[in-house]
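Q: Using only what follows, build the 3D model:
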Amino acid sequence: MSNVAENYLESTKKQFAYYKSLGDKTFAQLNEEDIHWQANEDSNSISVIVKHIVGNMLSRWTNFLTEDGEKEWRQRDQEFEASYKTKAEMIAAWEQGWQCLFDAIHPLQAEDVSRIIYIRNQGHTVLEAITRQLCHYPYHIGQLVYVAKLIRSDQWTSLSIPKGQSSTYNKEKFSKEKSKKHFTEDL
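A: Coordinates of the predicted model:
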């Protein structure tokens, strides 16, 4: 089991890093006004989505193994109200959230994956809790990317294989020897 658990933890770190990079590359294409754009009154701006992701990260990953993942100090409803005033403020918070996550998962060992932690008083194995967040954050990061694509329109630089380029991309990949190194760039 320890090899499976070690592989899971290593893969998790790579997946989280990949999704963080998608957010980073998205923010690089946006200006101050873009982060506050909303499609309508009921939709969330990029800065609001980031505020929610960061609030969740700080709550879930602070004292991950020893405290409930829904902290008393978290104000989840406020995450969907006022947002960051500047892009720099948003990115600083984004970095803080990710640092909290990576600080929590990097020291984990194979034997930790079966430990029980709590989120809103509900028991989860560490493996379940990590998987839960590994589903939650990409869901919202996909929203960030989609909103940014709407905003930037024809000025958007693709974060994956551009439309109409799959054959060329695959031809280049299959022209090389097989690699045992797993990387998520081509998702």
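Q: buried ones in the helix or strand harbouring Tyr8?
A: Assigned by DSSP states H and E, Tyr8 falls within helix 2-27. Using 16 or more other Cβ atoms under 10 Å as the test for burial, helix 2-27 gives 5, 8-9, 12-13, 15-16, 19-20, 22-23, 26-27. C-beta: built from backbone N, CA, C; applies to glycine.
Q: And stretch 75-85, by the same measure?
A: Neighbour-count burial for stretch 75-85 [16+ other Cβ under 10 Å]: Glu79, Ser83, Tyr84.
Q: And stretch 40-54, by the same measure?
A: So, applying 16+ other Cβ under 10 Å, buried residues of stretch 40-54: Asn44, Ser45, Ile46, Ser47, Val48, Ile49, Val50, Lys51, His52, Ile53, Val54.
Q: Distance from that stretch to the middle of the chain?
A: Centroid displacement of stretch 40-54 relative to its chain, using Cα atoms, centre = their mean, to the nearest Å, is 14 Å.
Q: now stretch 46-66
A: The chain centroid and the centroid of stretch 46-66 are separated by 10 Å under Cα atoms, centre = their mean.
Q: Over to stretch 83-98?
A: Counting by Cα atoms, centre = their mean, stretch 83-98 comes out at 14 Å from the chain centroid.
Q: can you check stretch 85-105 too?
A: That offset, for stretch 85-105, works out to 11 Å (Cα atoms, centre = their mean).
Q: pLDDT on that stretch, on average?
A: Mean pLDDT, stretch 85-105: 98.
Q: Enumerate the positions of it that are buried.
A: Lys87, Met90, Ile91, Ala93, Trp94, Gly97, Trp98, Cys100, Leu101, Phe102, Ala104, Ile105.
Q: Using CSV, write out every CA atom in it.
A: The C-alpha trace of stretch 85-105 is given here as CSV (Å, rounded to 0.1, in the frame of the first residue of the first chain):
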residue,chain,number,x,y,z
LYS,A,85,-9.5,45.8,-5.1
THR,A,86,-6.5,45.2,-7.2
LYS,A,87,-5.0,42.4,-9.3
ALA,A,88,-1.8,42.5,-7.1
GLU,A,89,-3.9,42.0,-4.0
MET,A,90,-5.8,39.1,-5.6
ILE,A,91,-2.5,37.4,-6.7
ALA,A,92,-1.0,37.9,-3.3
ALA,A,93,-4.0,36.1,-1.7
TRP,A,94,-3.9,33.4,-4.4
GLU,A,95,-0.2,32.7,-3.6
GLN,A,96,-1.0,32.6,0.2
GLY,A,97,-3.7,30.0,-0.4
TRP,A,98,-1.5,27.8,-2.5
GLN,A,99,1.4,28.2,0.0
CYS,A,100,-0.9,27.0,2.8
LEU,A,101,-2.0,24.0,0.6
PHE,A,102,1.6,23.0,-0.3
ASP,A,103,2.9,23.5,3.2
ALA,A,104,0.2,21.0,4.3
ILE,A,105,0.7,18.3,1.7
